Structures are given as structure tokens and as C-alpha cells.
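S.K.: Pasted the sequence and its predicted model underneath.
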Amino acid sequence: MVRFENVGMRYGLGPEVLRDISFHLQPGSFHFLTGPTGAGKSSLLKLLALSHRPSRGLITLFNKEVSSLARDDLPAMRRKIGVVFQDFRLLDHLSALENVALPLKIAGAKNSQIYQHVAELLEWVGLGRQVDAKPPTLSGGEKQRVAIARAVINRPQLLIADEPTGSMDAEMGLRLMYLFQELNKIGTTVVVATHDLGLIKRFGNPVMFLKDGMLTTRKQDELPSQFSRDGG
């Protein structure tokens with residue numbers, strides 16, 4: 001599903017923010033990604049989401065080497081990936097329902113199917129009464145739930161979530177993690193980046209630990225009790 005081989009990444013002419021990253025994810029696996037603030041987690045997720053290309057090394061997604069893809073091939077590849085960004089990236093002129101429906105519309109689904117599935121999912125994430133609300137009228141936690149619903153509505157092959165529970169209460173956070181688990185059970189490969197060590201230890205999935213731009217795999221009992229305030 002995913003393979004990184006000696007990947008490095010930098011922005012412009014600056015220093016590398018990721019160095020010699022190598023790992024592979026099997027289809028249907030579920031991993032947490034964690035580490036101190038500034039370690040490079042968001043940069044790694046951008047590579048997975050195909051929104052940036054590496055400065056060196058090889059990335060293979062869905063058995064295709066990313067650097068060899070033509071620009072015209074990228075949209076079809078990205079449609080296999082669901083992404084939850086920290087800044088949500090919702091379209092303010094569309095309702096919650098219309099935002100979530102976008103991936104299905106792009107895939108050519110029928111309107112009758114789209115709106116039934118979208119309404120059911122928004123009800124499940126606690127937004128059944130806000131289907132017609134536009135993002136500027138929603139709270140941060142509500143926007144995050146819309147973004148999560150949009151990312152999972154078409155059952156992507158790969159789901160990438162950057163701090164998906166950061167703007168909501170613990171009960172709703174767990175509810176959404178269970179949603180990710182259900183997607184994983186039907187075959188979606190899931191990567192969740194989070195600072196919440198309690199959440200990681202509760203679910204017990206394998207952990208990729210990123211610090212100073214370098215990646216290691218850690219067991220649950222090898223994680224720190226907390227991250228330092230300055231990001232380590």
C-alpha cells in the first residue's frame with residue numbers, strides 16, 4: 001500500500017525537515033504517527049497525501065512510484081486517499097452536506113445515493129441538525145467532524161488524519177476513532193497523527209515515532225509519558 005525508501009523532504013532551499021525516512025504499510029493496517037511538536041509529522045502526511053513531493057528518495061503508493069507519475073495521473077491517485085487536515089479545508093460557500101458530498105460527486109455517484117449516505121453519516125457524527133449549515137457558522141469541532149465525514153464518505157483505500165480529535169470532546173473523539181476502526185475492518189489503511197498519548201495507548205495500534213525529522217517504530221511501553229512543552 002505504502003512504501004518510503006530513504007525519503008528526505010525540504011521546503012525550498014531550507015534544511016531537510018524529514019531525513020532518511022523508510023517504512024512500509026501493509027494494506028488494511030492501522031498506524032498512529034506521533035512525536036514532539038515540530039518533528040515533521042504534518043510534512044510526512046503531506047507526502048502521503050501527494051500534496052508535496054520528496055526532495056530525495058522513493059515513495060510508492062498503490063504499487064506506483066510517485067515521482068514517475070505524470071501530473072495528469074495525480075487526481076485519480078488522490079481520489080483513493082481520504083485526508084483530514086488540521087485546517088479542515090472546507091468550502092465556505094457550500095453547506096455541510098454539500099462539502100461531504102464532494103468526493104461522491106467527483107466519483108460520479110447518483111444524487112439519490114449521495115444525499116442519503118451523506119445525511120446518514122452526518123447524523124452519525126452528531127451533525128444531523130446542521131446539514132444545511134455553512135462552515136463559517138460552525139464551531140471548530142463541528143468543522144472537524146464535517147472534514148472527517150468528507151474524508152471517509154467514499155471509503156478511501158488510504159485514510160490520513162492529522163490530529164482528527166483535537167477540536168472535540170473525549171466522547172466524540174472516541175466515537176470518531178471507532179468510525180476509523182470500522183473503515184479499517186473493511187480494508188482501509190489508516191494513519192492517524194496525534195499528540196494524544198492516552199488515545200494511542202487506549203487503542204494499541206502500532207506506533208511510528210517521529211523526532212527531529214527521523215522515524216522509528218516504538219512499542220506502547222516505549223512511548224514517553226508526555227511530550228515536552230517546547231517540542232523536544
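M.R.: Yep, it's here.

S.K.: ok, Asp196 touching Pro164?
M.R.: No: taking contacts as Cβ atoms under 8 Å, Asp196 lies outside contact range of Pro164: 10.0 Å. The C-beta positions use only the backbone N, C-alpha and C, and glycine is treated the same way.

S.K.: longest helix anywhere in the protein?
M.R.: Using DSSP state H to define each element, the chain has its longest helix at helix 170-185.

S.K.: chain center to it, what's the gap?
M.R.: Offset of helix 170-185 from its chain centre (Cα atoms, centre = their mean, to the nearest Å): 13 Å.

S.K.: Could you give the average pLDDT over that helix?
M.R.: When pLDDT is averaged along helix 170-185, the result is 88.

S.K.: Mind listing the strands the helix or strand following that helix pairs with, and their directions?
M.R.: Sequence-wise, the next helix or strand beyond helix 170-185 is strand 189-193, with elements assigned using DSSP states H and E. Strand 189-193 sits in its sheet next to strand 30-34 (parallel), strand 158-162 (parallel), going by DSSP bridges.

S.K.: Can you name the residues in contact with the last one?
M.R.: What that stands for is strand 158-162. Contacts to strand 158-162, defined as Cβ atoms under 8 Å, 6 or more residues apart in numbering, come from residues 1-2, 41-42, 45, 48-49, 61-62, 80-86, 148, 151-152, 180, 183, 188-193.

S.K.: what's the angle from it to helix 170-185?
M.R.: Put simply, strand 158-162 runs at 160 degrees to helix 170-185, going by axes from the mean of the first three to the mean of the last three Cα atoms, to 10 degrees.

S.K.: What helices and strands are in contact with the helix or strand bottoming out on mean pLDDT in the chain?
M.R.: Every helix and strand in the chain was compared by mean pLDDT, DSSP states H and E; the lowest is strand 214-218, with a mean of 84. Judged by 3 or more Cβ pairs under 8 Å, 6 or more residues apart in numbering; DSSP states H and E, the packing partners of strand 214-218 are strand 16-25, strand 207-211.
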